[in-house]
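Asker: give the three-dimensional model of this entry:
(2 chains)
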Protein chains: 2
Amino acid sequence: MAVYTDVSDEDLAKFIALYDIGSLKSFKGIAEGVSNSNFLAETEAGRFILTLYEARTETAELPFFIALMEHLAKKGINCPQPILQRNGQALSELAGKPAALLSYLDGISLKKPTSSHCMEAGEALAKLHLAGQDFIMQRKNDLSVAGWKKLFTQAEAGAKAETDANSVQRDLRVFIADELTFLHENWPKNLPTGIIHADLFPDNVFFLNDKLSGLIDFYFACTDILAYDLAICLNAWVFETDGSFNVTKARSLLAGYQHIRPLSIDERDALPILVRGAALRFLLTRLVDWLNVPAGALVKPHDPLVFYKRLRFHQTLTSPSDLGLDL
Amino acid sequence: MAVYTDVSDEDLAKFIALYDIGSLKSFKGIAEGVSNSNFLAETEAGRFILTLYEARTETAELPFFIALMEHLAKKGINCPQPILQRNGQALSELAGKPAALLSYLDGISLKKPTSSHCMEAGEALAKLHLAGQDFIMQRKNDLSVAGWKKLFTQAEAGAKAETDANSVQRDLRVFIADELTFLHENWPKNLPTGIIHADLFPDNVFFLNDKLSGLIDFYFACTDILAYDLAICLNAWVFETDGSFNVTKARSLLAGYQHIRPLSIDERDALPILVRGAALRFLLTRLVDWLNVPAGALVKPHDPLVFYKRLRFHQTLTSPSDLGLDL
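Answerer: Take a look at the predicted model:
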């Protein structure tokens, strides 16, 4: 849920006038996206999503995201499309922050996807990976193995003395430190890389009449190991609310992915490590948010322990087949 | 901003199927309304607002609000209209809470209304008062003079020892206690009553192409002194962000109101007391929210001191003409 910035009447009218879309008929803050403020803006020309990029999104990286969404849309991926201003630019400023107007996608994100939704998500992820292969821009993933130690320090730095990681879960500090060491030593090298979404949770996938209709929120997209993106999806889609791993859903997600892009032997072998890394990444970013939530924040931080439990599960894996991969 | 309750996929689909509006195309939590959760639901039949009534709204009172919106719409007031289910009912349940589907109104609420917007707001308020005159249901105003003492106790009861009213502003306890005594002794009797909106702030008034197009959020509506509603609007519309009283805007608001419904001598004379009461009412409810904000709340409480300052201004009034009323 995200509306962090109030927009004045004058600034809004000026912003809308940059586009050839008529005058505003409706404007509402919406609970979509986490890092940025999002508004539903309706004009005589239709509906749009107005995104206001907050501090967490680096301004210098916005052209990458904008170009990526344009590229993917051209390749047939249904994702938000930047709307161009009269001057041909997609990026502008609103309330002192970078802002863009994006096309509106119909569809509903699911709270509790079924196996068949998981299969479609797997297919969509693989299509995204293929569509990204000839995208010429690159973006380093700050939230992969090289960045996790910094994240951990950051979580604790912002925390008050009595609210360090151990206040969330006893022995969490040691647990994370050990896992960091393990992953640094065992992180796979030489796997195929490319554009990954890096945050394809169910809330970023739209369905219409039970068929996958579109993908949103590309602001974590970057260049990284493709199978790591699949590992993120496994963490995001196939655990039940009680914390259990649903192997049927995992099989569907993996099968969907491999219908479009079969995994290499190396990618399959690496999957048990990659899912640990993906779980640690979300454990760490949630820990940062949890221990650093500003007073008066409009956002309720996600519980970091959900990913602690998922990581504990992944630590018990003895083979990729435990994840539902047919060998 | 308000989305307090998560709605499951199954519950949502079941709820939508109660209505003859086709299947869901889009569903987003929106930052509208304060007491309830609001979602923008789009189906094949168009757009709707789905309101989920949270604890703060008494379930027993919902039929009053629903009937009032139906009545006002029939009288030509552009306000949300309850959509009827196939069984003819407007109220149902979703995620264990009462819920209703309402018509969607185009329009934008203004952050900084001008004098001409204030005039239109005054006119709309008077039209609302006239349209409500033959509404047969009644609802007591719990947030008027008889309820303020309880509100004050409530604010302090929920507060921790170190965060009572004085922690917000030095001597605020004594200030409020004195004002309560004054208002109890001087509150006007025998002024015309009827349906009042009781919360007609700029965020509850929509404009389209700079003309007032509709009113929303009737969940504080009740039966009370009509001129008290005007006093609420004076508090809500004519103070600048720096705290100053804009007498030009006040004149416009009052003139707009009197174009449609001229005030009696008694109502004019009572206005300086009524604006004090209205300021105290919002000071108190904001104080309750400020001192009782739950951990992890998605809502940033409004600053109570804004209304402390407005009340201090009203205490200096020597005549209704100080408020911009032509005598």
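Asker: going forward, measure contacts and count neighbours with C-alpha atoms only.
Answerer: OK.
Asker: any idea how far residue A:12 lies from residue A:98?
Answerer: For residue A:12, the distance to residue A:98 equals 13 Å [CA to CA, to the nearest Å].
Asker: neighbour count winner among the two?
Answerer: residue A:98 (18 against 14; other CA atoms under 10 Å in any protein chain shown).
Asker: grab the longest helix from chain A for me.
Answerer: As assigned by DSSP state H, the longest helix anywhere in chain A is helix A:265-291.
Asker: can you show me the strands along the stretch 101-250 of chain A?
Answerer: A:193-196, A:205-208, A:211-215, A:222-225 (DSSP state E, counting those that start in this stretch).
Asker: reformat those strands as a markdown table; add mean neighbour count, distance to residue B:301 and mean pLDDT.
Answerer: What follows is the strands of the stretch 101-250 of chain A, written out as a markdown table (neighbours: other CA atoms under 10 Å in any protein chain shown; distance: least, CA to CA, whole Å; pLDDT from 0 to 100):
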| stretch | mean neighbour count | distance to residue B:301 | mean pLDDT |
| --- | --- | --- | --- |
| strand A:193-196 | 22 | 38 | 98 |
| strand A:205-208 | 21 | 32 | 96 |
| strand A:211-215 | 20 | 34 | 97 |
| strand A:222-225 | 21 | 37 | 98 |
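Asker: reformat those strands as CSV; add distance to chain B.
Answerer: Below are the strands of the stretch 101-250 of chain A laid out as CSV (distance: least, CA to the nearest CA, whole Å):
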stretch, distance to chain B
strand A:193-196, 26
strand A:205-208, 6
strand A:211-215, 10
strand A:222-225, 27
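Asker: leaving aside the residues adjacent along the chain, what's closest to residue A:186?
Answerer: Spatially, and ignoring its direct neighbours in sequence, residue A:186 is nearest to residue A:273 (7.4 Å; CA to CA, 6 or more residues apart in numbering or on different chains).
Asker: quick check: the one you found vs residue A:220, distance?
Answerer: Residue A:273 is 21 Å from residue A:220, by CA to CA.
Asker: repeat that for residue A:97.
Answerer: Residue A:97 is 19 Å from residue A:220, by CA to CA.
Asker: do the same with residue A:237
Answerer: Residue A:237 is 18 Å from residue A:220, by CA to CA.
Asker: of those two, who's got more company?
Answerer: Comparing residue A:237 with residue A:220 by other CA under 10 Å, the one with more neighbours is residue A:237, at 25 against 18.
Asker: show me what contacts that one?
Answerer: Counting by CA atoms under 8 Å, 6 or more residues apart in numbering or on different chains, residue A:237 touches A:113, A:118, A:201-202, A:249-250.
Asker: list the residues that contact residue A:121.
Answerer: A:205, A:212, A:253, A:256-257.
Asker: oh, that last question was meant for residue A:215, not what I typed.
Answerer: Counting by CA under 8 Å, 6+ apart, residue A:215 has contacts A:77-80, A:204-206.
Asker: what about it, distance to residue B:264?
Answerer: For residue A:215, the distance to residue B:264 equals 60 Å [CA to CA].
Asker: which one is the residue at minimal distance from the centre of chain A nearest to, not counting chain neighbours?
Answerer: When chain A is reduced to its mean C-alpha position, the nearest residue by CA atoms, centre = their mean turns out to be residue A:199, at 1.9 Å. Take residue A:199 and drop its neighbours on the chain: the residue closest to it by CA to CA, 6+ apart is residue A:220, 6.3 Å away.
Asker: quick check: phi and psi on the one you found?
Answerer: Main-chain dihedrals, residue A:220, degrees, to the nearest 10: phi -110, psi 0.
Asker: same question for residue A:41.
Answerer: phi -110, psi 120.
Asker: which strand residues bridge it?
Answerer: When assigned by DSSP bridges, residue A:41 has beta-bridge partners residue A:27, residue A:48.
Asker: what's the burial count for residue A:174?
Answerer: 12.
Asker: actually residue A:171, not the one I typed
Answerer: 11.
Asker: what about it, distance to residue A:177?
Answerer: In terms of CA to CA, residue A:171 sits 10 Å off from residue A:177.
Asker: got it, and residue A:325?
Answerer: From residue A:325 over to residue A:177 the distance is 29 Å, taken as CA to CA.
Asker: what about the two, which has more around it?
Answerer: Per other CA under 10 Å, whichever of residue A:325 and residue A:177 has more neighbours is residue A:325, with 18 against 12.
Asker: what's the pLDDT at the more buried one?
Answerer: The model reports residue A:325 with a pLDDT of 91.
Asker: host element of it?
Answerer: Using DSSP states H and E, residue A:325 sits in no helix or strand.
Asker: any idea how many residues pack against the single nearest residue of chain A relative to chain B?
Answerer: In chain A, the residue that lies nearest chain B is residue A:30 (4.4 Å; CA to the nearest CA). Neighbour count for residue A:30, taken as other CA under 10 Å: 26.
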